[in-house]
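**Student:** Got a predicted structure here, sequence first:
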Amino acid sequence: LFSIVDSFERRPEDSQRVIGTLLGSVDATGAVDVTNSFTVPHNEVEDEVAVDIEFAKTMYELHKRVNSAEVVVGWYSTGPDVTEHSVLIHEYYAREAKNPVHLTIDTTLQNGEMG
């Protein structure tokens with residue numbers, strides 16, 4: 001979680017949220033164990049989203065060299081809402097993982113605490 005929040009804090013000023021890939025394993029019962037993650041550059045405007053898929057693939061290949069047991073188990077996004085763009089991003093991850101997890105992390109501070 002720390003690396004996700006850190007990515008959010010370091011995001012470009014014009015970005016509302018960050019997204020990234022979740023790595024880990026899925027056991028025979030379908031339980032997901034997330035062990036790693038990395039941020040994926042993207043750009044969102046009102047009616048479209050562009051995700052740097054080549055970056056995501058390259059980063060995954062690099063991670064596999066270090067830990068070949070880790071597979072793509074889903075993705076994450078920061079912010080309080082699941083948006084229309086989230087559906088499009090999820091479609092990409094559905095091609096990379098059988099039942100991808102979408103972890104949303106509400107980074108809005110309400111009453112001095114993360115949502």
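**Tutor:** Structure's in. What do you need?
**Student:** And the host helix or strand of Ser37, what does it pack against?
**Tutor:** If you go by DSSP states H and E, Ser37 is part of strand 32-40. On a contact count with 3 or more CB pairs under 8 Å, 6 or more residues apart in numbering; DSSP states H and E, strand 32-40 meets helix 2-9, strand 19-26, helix 53-66, strand 71-78, strand 101-105. In this view, the C-beta of every residue, glycine as well, is placed from N, C-alpha and C.
**Student:** try 7 Å this time
**Tutor:** If you count contacts as 3 or more CB pairs under 7 Å, 6 or more residues apart in numbering; DSSP states H and E, strand 32-40 packs onto helix 2-9, strand 19-26, helix 53-66, strand 71-78.
**Student:** Can you say which of those is packed in most?
**Tutor:** strand 71-78 (a mean of 22; mean count of other CB atoms under 10 Å).
**Student:** and the helix or strand that contains Arg95, average pLDDT?
**Tutor:** Element membership for Arg95, per DSSP H and E: helix 84-96. For helix 84-96, mean pLDDT is 93.
**Student:** mind listing what's buried in that helix?
**Tutor:** Residues His85, Ser86, Ile89, Tyr93, Glu96 are the ones in helix 84-96 that count as buried (16 or more other CB atoms under 10 Å).
**Student:** if we can go back for a sec, between the helices and strands packed on strand 32-40, which gets the lowest average pLDDT?
**Tutor:** Among the helices and strands packed on strand 32-40, helix 2-9 scores lowest, at a mean of 83.
**Student:** Extract the CA atoms of that helix and return them as CSV.
**Tutor:** The C-alpha trace of helix 2-9 is given here as CSV (Å, rounded to 0.1, in the frame of the first residue of the first chain):
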residue,chain,number,x,y,z
PHE,A,2,2.8,2.4,0.8
SER,A,3,4.2,2.3,-2.8
ILE,A,4,0.7,3.1,-4.2
VAL,A,5,0.2,6.0,-1.9
ASP,A,6,3.7,7.2,-2.7
SER,A,7,2.9,7.0,-6.4
PHE,A,8,-0.2,9.1,-5.8
GLU,A,9,1.8,11.7,-3.9
